[in-house]
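**Student:** here is a sequence with its predicted model. Questions after.
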Amino acid sequence: MVAALAVVAAAVVTGVVVLGGDRDTGDRAADRQGGGASAGPADTAQTAGTQPPPPVTSTEENPRAGKDAEPAVPGWKVVINPQHGTMFDVPPEWTLMGAGMQTGYEDEKLGNGTPAVVMSAPAQLRPAWCLYDYDKDGTKEDWGLATAGTKGARGARNTADAAYNEAWNWAWAAYAQRDPAGTVKVARARPFTTASGLAGSVATATANGTTKRHACETDGKSTAFSFKDSTGEIKTFVLHGVKGVKGELPEATVQKILGTVRQVNAAGG
């Protein structure tokens, strides 16, 4: 596992990479899959490359993020993404980074700060769960337990393809860039409907047996739910986190968060 690109305002990641306001609509990680994967057989392995270096992740919670909306799960926090018109809930111990923020993972093979994957309006579980000075500059970078957010799916043919691709993209980018082909495995996308009635496709991926160069790197997992919004555009909710270590987000909680994904207008927003 590697640390994320800094969680920053959507305009820029200082010293790392510029993230424009629409940079979470597509991913370079799909290029590592040989032109894009389809919703193929369960546990189909895709290709892998090299891992990104980690800048520091901000842990300052946006005081207004989700404060004006009612959660679908009582006592949970609401994550709002006005760019994509989506909402979802997370448990109260999560940190909301704000609607104008983006996070992602650099493509280390390119080595020029280009992000492999990006999501916007992220929420994180224990963003500073593990600290390590990755680049030996005297400043320790953050590794979190889990991150969730929403992104666009420009170029996706359908929700099944989008979910399958994004599940692979995030498991690879966050946990397996230094590992051989076959490390990341993706299960076939399947139909899924959230509690609000939002229908689409969901896929899961795992990265097991990954290279671990220090105590903060772990195996990982990801879940991607893709759906069409009211305009017919495909959007994707992504949740990824550590796997096989103390603090791993339980699957029951993953499913409970997933079940709260909804469009803003469906929630009275």
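**Tutor:** The structure has been received and is ready for your questions.

**Student:** now whichever helix in the chain runs longest, how far from the centre of its chain.
**Tutor:** Ranked by residue count and defined by DSSP state H, the top helix of the chain is helix 159-175. Distance of helix 159-175 from its chain centroid, counting by CA atoms, centre = their mean, to the nearest Å, is 9 Å.

**Student:** and it, what does it pack onto?
**Tutor:** If contacts are counted by 3 or more CB pairs under 8 Å, 6 or more residues apart in numbering; DSSP states H and E, helix 159-175 sits against strand 101-106, strand 115-125, strand 184-186, strand 199-207, strand 219-228, strand 234-243. Any C-beta I mention is one placed from the backbone N, CA and C, and that applies to glycine too.

**Student:** closest one to Gly152 among those strands?
**Tutor:** Gly152 lies closest to strand 234-243 among the helices and strands packed on helix 159-175, at 6.3 Å (CB to CB).

**Student:** that closest one pairs with which strands?
**Tutor:** strand 146-152 (antiparallel), strand 219-228 (antiparallel) (DSSP bridges).

**Student:** so which residues of the stretch 1-150 of the chain form helices?
**Tutor:** In the stretch 1-150 of the chain, no helices are found when defined by DSSP state H, counting those that start in this stretch.

**Student:** where does pLDDT dip in it?
**Tutor:** 1-68 (pLDDT under 70).

**Student:** pLDDT of the longest helix of the chain, averaged?
**Tutor:** Across helix 159-175, pLDDT averages out at 97.

**Student:** as TSV, the strands paired with strand 234-243 with distance to Ala116 and mean neighbour count would be great.
**Tutor:** Listed next are the strands paired with strand 234-243 as TSV, based on distance: least, CB to CB, whole Å; neighbours: other CB atoms under 10 Å:
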stretch	distance to Ala116	mean neighbour count
strand 146-152	12	26
strand 219-228	13	26
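
**Student:** to Gly182, which of the ones you listed lies closest?
**Tutor:** strand 219-228 (13.9 Å).

**Student:** coming back round to it: mind putting the strands paired with strand 234-243 in CSV, distance to Ala187 included?
**Tutor:** Shown next, in CSV, are those (distance: least, CB to CB, whole Å):
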stretch, distance to Ala187
strand 146-152, 19
strand 219-228, 10
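
**Student:** which of these sits closest to Asn112?
**Tutor:** Nearest to Asn112, of all the strands paired with strand 234-243, is strand 146-152, at 21.4 Å by CB to CB.
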